[in-house]
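In: need coordinates for the following:
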Amino acid sequence: MTDILELFQSYSPALIFAAALIAAAVFVLKKTTEKAINLEFDRHAKALTLGLERRSRFEEMVLIERYETLNDLLSRLDRIASDVRRYRHGTDVEGLMRGTEIVPLTEVFERLSTRRHVLTERFYPKLDALGGLLIQYLNARDTIEAQRVQGEYKRLLNTILDEMSAVFGLNRISADTHVPQAAS
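Out: As a prediction, this is how the structure comes out:
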């Protein structure tokens, strides 16, 4: 306290007032700069968060589309496999064959081609191979060759199903899994 009184006695009031004004200006400038930096940082963090949320939503939509496409193609291939089995055993299956072409399989190959970007190289070649195995099964010369092709088909189908389970986390989902509800 005595130091402050000595300052008042040693220097003119105008000089002390100017020094106090400069100190106040420096303090205000420091706080304003800190606030501007914090606001810019918060703005950048918010933009980054929003960008990540949008990307996350996009990735979620792609995964859902991939899952739905896989399910659609696998169910079509399963139906075609059943029809081809019946056809090989002498049952007339309406709409299956047109000349030497398996009509619904051609539709699956077309869908595979148009959805290749969604399926990615992880699933596309395997689904394409499943379709090829159905053609081999239809054209099998004897029962032994037909059984061999059926075995390959089942192994490849199981590989696809295992990969789907891994990619989409299907084994982690159970009847006990639930979403907590918000408090009322």
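In: packing partners for the helix of greatest length in the chain?
Out: If you go by DSSP state H, the chain has its longest helix at helix 13-88. The contact analysis (3 or more CB pairs under 8 Å, 6 or more residues apart in numbering; DSSP states H and E) places helix 13-88 against helix 103-114, helix 116-138, helix 143-168. In short, each C-beta sits where N, CA and C put it, glycine included.
In: closest one to Leu63 among the ones you listed?
Out: Distance to Leu63, taken as CB to CB, is lowest for helix 143-168 among the helices and strands packed on helix 13-88, at 7.0 Å.
In: check which helices and strands that closest one sits against.
Out: Helix 143-168 packs on helix 13-88, helix 116-138, going by 3+ CB pairs under 8 Å, 6+ apart.
In: run the chain-centre distance for the first one.
Out: Put simply, helix 13-88 sits 15 Å off its chain's centre (CA atoms, centre = their mean, to the nearest Å).
In: and what of stretch 10-29?
Out: The answer for stretch 10-29 is 61 Å, by CA atoms, centre = their mean.
In: quick check: buried residues in that stretch?
Out: Using 16 or more other CB atoms under 10 Å as the test for burial, stretch 10-29 gives no buried residues.
In: average pLDDT for it?
Out: Averaged over stretch 10-29, pLDDT sits at 80.
In: how about the CA coordinates for that stretch, as PDB?
Out: Extracted in PDB, the C-alpha atoms of stretch 10-29 (Å, rounded to 0.1, in the frame of the first residue of the first chain):
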ATOM      1  CA  SER A  10       6.500  10.700  -7.300                       C
ATOM      2  CA  TYR A  11       4.600  11.000 -10.500                       C
ATOM      3  CA  SER A  12       2.000  13.400 -11.700                       C
ATOM      4  CA  PRO A  13      -1.700  12.300 -11.600                       C
ATOM      5  CA  ALA A  14      -1.900  12.600 -15.400                       C
ATOM      6  CA  LEU A  15       1.000  10.100 -15.800                       C
ATOM      7  CA  ILE A  16      -0.500   7.700 -13.300                       C
ATOM      8  CA  PHE A  17      -3.900   8.000 -15.000                       C
ATOM      9  CA  ALA A  18      -2.300   7.300 -18.400                       C
ATOM     10  CA  ALA A  19      -0.500   4.300 -17.000                       C
ATOM     11  CA  ALA A  20      -3.700   3.000 -15.500                       C
ATOM     12  CA  LEU A  21      -5.500   3.600 -18.800                       C
ATOM     13  CA  ILE A  22      -2.800   1.700 -20.800                       C
ATOM     14  CA  ALA A  23      -3.000  -1.200 -18.300                       C
ATOM     15  CA  ALA A  24      -6.800  -1.300 -18.600                       C
ATOM     16  CA  ALA A  25      -6.500  -1.200 -22.400                       C
ATOM     17  CA  VAL A  26      -4.000  -4.100 -22.400                       C
ATOM     18  CA  PHE A  27      -6.300  -6.100 -20.100                       C
ATOM     19  CA  VAL A  28      -9.300  -5.400 -22.300                       C
ATOM     20  CA  LEU A  29      -7.300  -6.200 -25.500                       C
END
